[in-house]
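Chemist: coordinates only, sequence not included:
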């Protein structure tokens, strides 16, 4: 089954099940993130205050369960954008939804491993007083930045379907959001985790391990699996 969606000049068809998942994901993200919209805006803006950097990380005070749910929904949001870019939206049945769940599961595993490594390394650094940020605070900051970017990518995905925006614009926008998030995290690493100039070498190693290497691995696997590069 497919359903026509009204756009400016013509009709665009998209799989019913996939559209339902898109709408449900957006609604759930709005329900969870909506009450914290001001905290999200402040937290995101704090990532780019270069002239007056904050001495601590900022993030919305969601409950643990809300962070878990928003983390999964964020993976779905990115997966939806990948599916739109790499698949024919006219495919019938549940094939698109199966792909989406498969890709989302890969993302969940990838980022869970990253969060686990963050926790282990940051706990060791915190116990040695090399950094002053508790591991749990940095993990919340990481999920905040990821969910904010994923929400915007999901919104842009709707624009691609409803307004017939070129698919390449979705790819460019997604990479732009990723670049902004990474830039903000790197800035906060330097201004909060490694404020002392004596830890510059540790900052470089930390940056390579948690940002540069994962990006290269993700870039290569994305190109191999989906032909996005």
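Modeler: Looks like it arrived, so ask away. Nothing here was measured: the structure is a model prediction, and the numbers come from that model.

Chemist: does residue 216 sit in a helix, a strand or a coil?
Modeler: Three-state call for residue 216 (DSSP: H, G, I helix; E, B strand; the rest coil): helix.

Chemist: ditto for residue 145
Modeler: Reduced to three states by three-state DSSP, residue 145 is helix.

Chemist: Tell me which residues touch it, please.
Modeler: Shown in contact with residue 145 (C-beta atoms under 8 Å, 6 or more residues apart in numbering): 43, 44, 47, 181, 184, 185. C-beta coordinates here come from the backbone N, C-alpha and C atoms, glycine included.

Chemist: Need the phi and psi values for residue 42.
Modeler: Main-chain torsions, residue 42, degrees, to the nearest 10: phi -70, psi -40.

Chemist: Would you mind measuring from it to residue 18?
Modeler: According to C-beta to C-beta, to the nearest Å, residue 42 stands 34 Å off from residue 18.

Chemist: So for those two, which residue has more residues nearby?
Modeler: Taking other C-beta atoms under 10 Å, residue 42 and residue 18 do not tie; residue 18 has more neighbours (23 against 13).

Chemist: which parts of the helix or strand containing that one are buried?
Modeler: Counting by DSSP states H and E, the element that carries residue 18 is helix 16-33. With burial defined by 16 or more other C-beta atoms under 10 Å, the residues of helix 16-33 counted as buried are 17, 18, 19, 21, 22, 25, 26, 29, 32, 33.

Chemist: go on, stretch 149-168?
Modeler: Going by neighbour count (16+ other C-beta under 10 Å), the buried part of stretch 149-168 is 149, 150, 151, 152, 153, 154, 156, 157, 158, 160, 161, 165.

Chemist: wait, which of those is closest to residue 71?
Modeler: Closest approach between the buried residues of stretch 149-168 and residue 71, by C-beta to C-beta: residue 150, at 9.3 Å.

Chemist: quick one: whatever helix or strand the closest one lives in to helix 16-33, angle?
Modeler: Secondary structure assigned from DSSP H and E places residue 150 in helix 135-162. On the basis of axes from the mean of the first three to the mean of the last three C-alpha atoms, to 10 degrees, helix 135-162 is oriented at 140 degrees to helix 16-33.

Chemist: chain center to helix 135-162: distance?
Modeler: 4 Å (C-alpha atoms, centre = their mean, to the nearest Å).

Chemist: Appreciated, that's everything.
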